[in-house]
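*Asks:* fold the following.
(one chain, ligands or ions: 1)
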Amino acid sequence: MNYRAKLFGWRDPYDLSGTDALFVDAIRENVFFHYQHCLEYRKILTREGVSPEQLQGIDDLRQLPVLPTLYFKRHTLFSIPERRMVLRSTSSGTSGAMSRVGWEWQDCAHALRMVLRIVRRHGLLSLTPVNYLVLGYQPHRSNQTAISKTAFGFTFFAPGIRRAYALRYQGGGYILDLDGLKKALLRYSRQPFPVRTMGFPAYTYFFLRELQKEGVRLKLHPESRVCMGGGWKQFYAEKIEKEELYALAEEVLGIPESRCHEFFGAVEHPVLYADCRRHHFHIPIYARVMIRDVKTLQPLPMGETGLVNLLTPLVRGVPLTSVMTDDLGILHPASSCGCGCPSPWLEIIGRVGLRGITTCAAGAAELLRGAK
Ligand SMILES: [Zn+2]
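*Replies:* The predicted model follows:
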């Protein structure tokens, strides 16, 4: 039985309660695959005393060893031979170390089904041609970061007329071309087509602020959208309130808050989270989220702050089944949002401080001990 295919083919992407049993089956299937094909992962499972068969109910998932994202930055763990990898992605590597993830074709096919279902649900699939403004990297074969690939992927949800990039590839490297981007935007604004922007929230904010300072006030086509993804990363220090960003989009581009969208995902957890109309990230059926105590790593009840543990049976190329990010987050009950989505929502409240990172590193070292 291919439980993963059944889960990724499920009609309602937020039917968490309806898919709990199927999710556990898909996780068990995924763990079994990695157990068979990745020696390091098998050693970790064995050392933790976990066998795939014992994962029978949703509560059993807490027993699954949690690999910190830091672990993937320091080790390359593959469950399939490299010749079978049809896609590779890496994290942005802000600190120098990068996670490398290899994808087999079925991983890609399921990821595509997930993405299409999510973006359709959020009204982003359209047949109307649009002009794209990418506040990020122009794709190039030398750039394997997931963020550049994802941003490029976003420019296919509606047929693209033109694509302008903030970071253009030129003469063997990337150059920041904000001026070119502004000119493209002004050109687009005179055309009878919607505009879609895609990029980091911080880049989007800085770009809009620049335009505001220059007195730019546009009224873009009513079907235009502001799309943001990738998180705040190194811009935590300059994090601004989202309300301010939405107000800027309205003032400068004439795009209302209801047409501003944010997405969340990670190389080590390639599930697409899209915000609802209240800008909350509800958990899609392709993932489950546990919040764990920073010190004891025990799962915490809803509403409490801790380390974010993300689970998904999506990838067979690399054992990403259960990973721990170095973000702190809170899981909120579905009812506390008010948008009507039946799934709980995840609030990311920032990166763990130095002490927290040490905790993750210690966790990784702990895992390594038995795996060597
Ligand atoms: Zn909501």
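
*Asks:* contacts and neighbour counts: CA atoms only from here.
*Replies:* OK.

*Asks:* the longest helix anywhere in the chain packs against which elements?
*Replies:* What stands out as the longest helix in the chain, according to DSSP state H, is helix 16-37. Based on contacts counted as 3 or more CA pairs under 8 Å, 6 or more residues apart in numbering; DSSP states H and E, the elements that helix 16-37 packs against are helix 3-8, helix 39-48.

*Asks:* from the contact counts, what lies against the longest one?
*Replies:* Counting contacts by 3+ CA pairs under 8 Å, 6+ apart, the secondary-structure elements packed against helix 39-48 are helix 16-37, helix 354-371.

*Asks:* between those helices, which gets the lowest average pLDDT?
*Replies:* Note on the helices and strands packed on helix 39-48: helix 354-371 shows the lowest mean pLDDT, a mean of 43.

*Asks:* show the pLDDT at the residue in the stretch 151-300 of the chain that the ion sits nearest to.
*Replies:* Proximity of the stretch 151-300 of the chain to the ion (CA to the ion) peaks at residue 276, 4.6 Å away. The model reports residue 276 with a pLDDT of 95.

*Asks:* repeat for residue 173
*Replies:* At residue 173, pLDDT is 84.

*Asks:* how many neighbouring residues does it have?
*Replies:* A count of nearby residues for residue 173, using other CA atoms under 10 Å, gives 10.

*Asks:* so it bridges to which residues?
*Replies:* In this entry, residue 173 is beta-bridged to residue 170, by DSSP bridges.

*Asks:* and residue 49, how many neighbours?
*Replies:* Using other CA under 10 Å, residue 49 has 11 neighbouring residues.

*Asks:* whoops, I mixed them up, residue 296
*Replies:* Considering only other CA under 10 Å, residue 296 is surrounded by 8 other residues.

*Asks:* where does it sit: helix, strand or coil?
*Replies:* At residue 296 the chain is in coil, as set by DSSP: H, G, I helix; E, B strand; the rest coil.

*Asks:* how close does it sit to residue 55?
*Replies:* If you measure residue 296 against residue 55 using CA to CA, to the nearest Å, the figure is 22 Å.

*Asks:* near the ion, which residues of this protein are found?
*Replies:* 276, 337, 339 (CA under 5 Å from the ion).

*Asks:* for ChimeraX, write the select line for the buried members of the residues you listed.
*Replies:* Here is the ChimeraX command that selects the buried residues among the residues of the chain next to the ion (16 or more other CA atoms under 10 Å):
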select :276,337
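
*Asks:* and the chain, split by domain according to the record?
*Replies:* By the assignment in automatic domain parsing, the chain contains the domains 3-82+281-371, 113-265.

*Asks:* can you give me the end-to-end distance of the shortest one?
*Replies:* The first residue of domain 113-265 is 16 Å away from its last residue (CA to CA).

*Asks:* which of the residues of the chain next to the ion sits closest to residue 128?
*Replies:* residue 276 (22.5 Å; CA to CA).

*Asks:* what's the closest of the domains of the chain to residue 90?
*Replies:* Closest among these, once you apply CA to CA, is domain 113-265, at 4.6 Å.

*Asks:* next one: that closest one to chain centre, how far?
*Replies:* On the basis of CA atoms, centre = their mean, to the nearest Å, domain 113-265 is displaced by 16 Å from the centre of the chain it belongs to.

*Asks:* again, but for stretch 252-272
*Replies:* Centroid displacement of stretch 252-272 relative to its chain, using CA atoms, centre = their mean, is 10 Å.

*Asks:* and that stretch, what's buried?
*Replies:* Neighbour count says stretch 252-272 has 252-257, 259-272 buried, by 16+ other CA under 10 Å.

*Asks:* that stretch: end-to-end distance?
*Replies:* Per CA to CA, stretch 252-272 runs 28 Å from first to last residue.

*Asks:* rewinding a little: what's the angle from the longest helix of the chain to helix 39-48?
*Replies:* Inter-element angle recorded for helix 16-37 and helix 39-48: 110 degrees (by axes from the mean of the first three to the mean of the last three CA atoms, to 10 degrees).

*Asks:* do a quick rundown of the helices in the stretch 201-350 of the chain.
*Replies:* Under the criterion DSSP state H, counting those that start in this stretch, the stretch 201-350 of the chain contains helices at 201-213, 242-248.
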